[in-house]
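Visitor: Model the following, please.
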Amino acid sequence: MIRKLISRVFGSKKAVASHHEPAVIPVSRHGITRDRISAGSRRVCEGLQQQGHKAYVVGGAVRDLLIGAEPKDFDIATDATPDEIRRAFRRSRAIGRRFQIVHVMMGQETMEVTTFRGMLDANTKTDEHGRVLHDNVFGSQADDAARRDFTANALYYDPATEAIIDYHHGVGDLKQKTLRMIGEPRARYREDPVRMLRAVRLAAKLGLIIDPAASKPIREMAELLENVPPARLFDEMLKLLTSGHSVNCITRLRDEGLHHGLLPLLDVILEQPMGEKFVMLALANTDDRVRAGKGISPGFLFATLLWHEVLAHWEKLKAAGETKIPALYQAMDTVLDVQGEKLAITRRIAGDIKDIWSLQPRFESRAGKRPYGLLEHPRFRAGYDFLLLRAESGEVEADLGDWWTRFQNADGEGRAQMLLPEQAGDRKRRRRRRNPAAPGVDRNSTQ
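Guide: This is a model prediction of the structure:
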């Protein structure tokens, strides 16, 4: 009985740390030939192997190739230390604090090369919740496989032999359409709460079912995300929203309980009936562009997701007596400040977001010289695309988007004929700007 009890208590940890022999799967069974691997990753593996090191393409690239998807990146794992990697490749640099990795540049490619990680021990630095803060400890390939989050990500491909090394039945789990955690899920989520978001993203992207043992604790442990640095949450949310499966990801995040104050962005997306159609159109448009291999703008995406929150604040401020444009800028700052508490939106992206938002009132002016000036604005195209989404969702009249489509495509004479008659108020304001000291205008008036 005592032996059984000990086995139950320590069995899962022992399973993670066990150094059992991996399955070595030949190319005849998995079908991934070395020409499917990027030239840069092949050269990095060859360079390290020639110096007596182990080196493999690892993780997401191997997983994606197995399911017939095209990998975005080819990461490499090796038993060489960061110093040894840097000595092997002249064009390289070490980055990272929590765990040092090396970026190796090969032509236009940049490979992320990581030394095999060692198992966590009593000396591993964690916070009071168990989140790992610093673990720059190296280990064996078996240790490294055990440290990875999901079995589908613990796969190593050797370009020299074209074999896949599989320590945790990852190939079998992919065939069974299951995303399975390596080790005890609660412990792994405590080590890194972002794994909860990653589980949802990978399951949605790859069409997998999250193993019940890994799914069940997510709702219970969701509050651990409050302890994750905003910059990491922003990176993970950006990956999720640009995965090409953002609509499915958002739905599954709600199903797993990863909203309601934990991620204000999700509350905005999921709980605003007025903006739901607009947001879903924006996400579907982003998914279509990703799948078609077209570029996407993080600034444009976040501008769409937060727009109806801005609208709500803007209307409140105008109702309280604030003038139109200052109220808009105040609403923009308020919304971005709230999101910044959980998501570290970079200054550049925040600038792009504000540009797109601030252009929207200007599209309402279709008289005089203002439309010509708007066409010359460096962010016109993004603002125009944003306007079309608003029109498609029914937020503004479809005629407004149609007018701007025709106006930008017309020739000089055609544009002039399209301009609407100026209102008297517009002409009066323009005269005052040209001649602020004109008779009848008191420059010191406070009215």
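Visitor: Show me how this structure divides into domains.
Guide: By the assignment in automatic domain parsing, the chain contains the domains 13-189, 298-421.
Visitor: among those domains, which is nearest Ala282?
Guide: domain 298-421 (3.6 Å; C-beta to C-beta). Any C-beta I mention is one placed from the backbone N, CA and C, and that applies to glycine too.
Visitor: okay if I get the domains of the chain as a markdown table plus distance to Leu258 and mean neighbour count?
Guide: Shown next, in a markdown table, are the domains of the chain (distance: least, C-beta to C-beta, whole Å; neighbours: other C-beta atoms under 10 Å):
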| stretch | distance to Leu258 | mean neighbour count |
| --- | --- | --- |
| domain 13-189 | 12 | 18 |
| domain 298-421 | 12 | 16 |
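Visitor: Make sure Asn285 is actually in contact with Leu389.
Guide: Yes: using C-beta atoms under 8 Å, Asn285 is in contact with Leu389, at 7.2 Å.
Visitor: then the host helix or strand of Glu413 to PDB, C-alphas only?
Guide: Assigned by DSSP states H and E, Glu413 falls within helix 412-418. These are the backbone C-alpha positions of helix 412-418, laid out as PDB (Å, rounded to 0.1, in the frame of the first residue of the first chain):
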ATOM      1  CA  GLY A 412      -8.700  65.200 -61.300                       C
ATOM      2  CA  GLU A 413     -11.900  66.500 -63.000                       C
ATOM      3  CA  GLY A 414     -13.900  63.500 -61.800                       C
ATOM      4  CA  ARG A 415     -12.900  64.300 -58.200                       C
ATOM      5  CA  ALA A 416     -13.800  67.900 -58.500                       C
ATOM      6  CA  GLN A 417     -17.300  67.000 -59.700                       C
ATOM      7  CA  MET A 418     -17.800  64.600 -56.800                       C
END
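Visitor: can you give me the mean pLDDT across that helix?
Guide: Model confidence over helix 412-418, given as mean pLDDT, is 93.
Visitor: so what does that helix touch, helix or strand wise?
Guide: Here helix 412-418 touches helix 398-409, going by 3 or more C-beta pairs under 8 Å, 6 or more residues apart in numbering; DSSP states H and E.
Visitor: what's the helix it packs on packed up against?
Guide: helix 370-375, helix 380-392, helix 412-418.
Visitor: Please enumerate residues in contact with the first one?
Guide: It refers to helix 370-375. 359, 362-363, 365, 380, 383, 407-408, 415, 419 (C-beta atoms under 8 Å, 6 or more residues apart in numbering).
Visitor: Going by distance to Arg291, which of those wins?
Guide: Distances from Arg291 to those, taken by C-beta to C-beta, are shortest for Gly383, at 24.7 Å.
Visitor: how far away is the closest one from Tyr372?
Guide: Gly383 sits 15 Å away from Tyr372, going by C-beta to C-beta, to the nearest Å.
Visitor: Does the nearest residue to Arg390 once chain neighbours are set aside fall in a helix, a strand, or a coil region?
Guide: Spatial nearest neighbour of Arg390, excluding adjacent residues (C-beta to C-beta, 6 or more residues apart in numbering): Val396 at 4.9 Å. The assignment at Val396 comes out as coil when based on DSSP: H, G, I helix; E, B strand; the rest coil.
Visitor: residues contacting Asp333?
Guide: Asp333 touches nothing, counting by C-beta under 8 Å, 6+ apart.
Visitor: how close does it get to Arg379?
Guide: 18 Å.
Visitor: next one: Leu387
Guide: If you go by C-beta to C-beta, the gap between Leu387 and Arg379 works out to 12 Å.
Visitor: ranking the domains of the chain by mean pLDDT, which is last?
Guide: Ranked on mean pLDDT, the bottom entry among those is domain 13-189, at a mean of 88.
Visitor: what comes into contact with the helix holding Glu413?
Guide: 366, 371-372, 403, 406-407, 410.
Visitor: One more: stretch 202-218?
Guide: 63, 67, 69, 150, 152, 174, 177-181, 185-186, 189, 196, 199-200, 243-245, 248-249, 252, 256-258.
Visitor: Would you mark the buried spots in it?
Guide: 202-206, 208, 210-211, 214-215, 217-218 (16 or more other C-beta atoms under 10 Å).
Visitor: Which other helices and strands does the longest helix seen in the chain contact?
Guide: Longest helix in the chain, counting residues (DSSP state H): helix 298-319. Judged by 3+ C-beta pairs under 8 Å, 6+ apart, the packing partners of helix 298-319 are helix 230-241, helix 264-270, helix 273-291, helix 324-340, helix 347-359, helix 380-392.
Visitor: List the neighbours of it that are in contact with it.
Guide: 238, 241-242, 265, 268-269, 272, 274-275, 278-279, 282, 286, 324, 327-328, 330-332, 334-336, 339, 345, 348-353, 355-357, 382, 385-386, 389-390.
Visitor: just stretch 102-116 next, same as before
Guide: Under C-beta under 8 Å, 6+ apart, the answer for stretch 102-116 is 38-41, 43-44, 48, 58, 73-82, 85-86, 89, 91-95, 99-101, 138-141, 143-144.
Visitor: The same query, at a cut-off of 6 Å, please.
Guide: For stretch 102-116, the surrounding residues in contact (C-beta atoms under 6 Å, 6 or more residues apart in numbering) are 40-41, 43-44, 75-77, 79, 81-82, 85-86, 89, 91-94, 101, 138-139, 141, 144.
Visitor: Just the ones of those in helices?
Guide: 40-41, 43-44, 82, 85-86, 141, 144.
Visitor: Go through these and name the one nearest Ala231.
Guide: Pro82 (22.2 Å).
Visitor: Surely the closest one and Ser92 touch.
Guide: No: at 9.2 Å, Pro82 does not count as touching Ser92 under the criterion of C-beta atoms under 6 Å.
Visitor: Out of the domains of the chain, the one nearest Leu233 is which?
Guide: Checking these against Leu233 by C-beta to C-beta gives domain 298-421 as the closest, at 5.5 Å.
Visitor: circling back: gap between the helix holding Glu413 and the chain center?
Guide: Between the centre of helix 412-418 and the centre of its chain there are 42 Å (C-alpha atoms, centre = their mean, to the nearest Å).
Visitor: Could you check how far the most centrally placed residue in the chain is from Leu301?
Guide: For the chain, the residue nearest the mean C-alpha position is Leu238 (1.5 Å; C-alpha atoms, centre = their mean). Here the criterion is C-beta to C-beta. By it, Leu238 lies 8 Å from Leu301.
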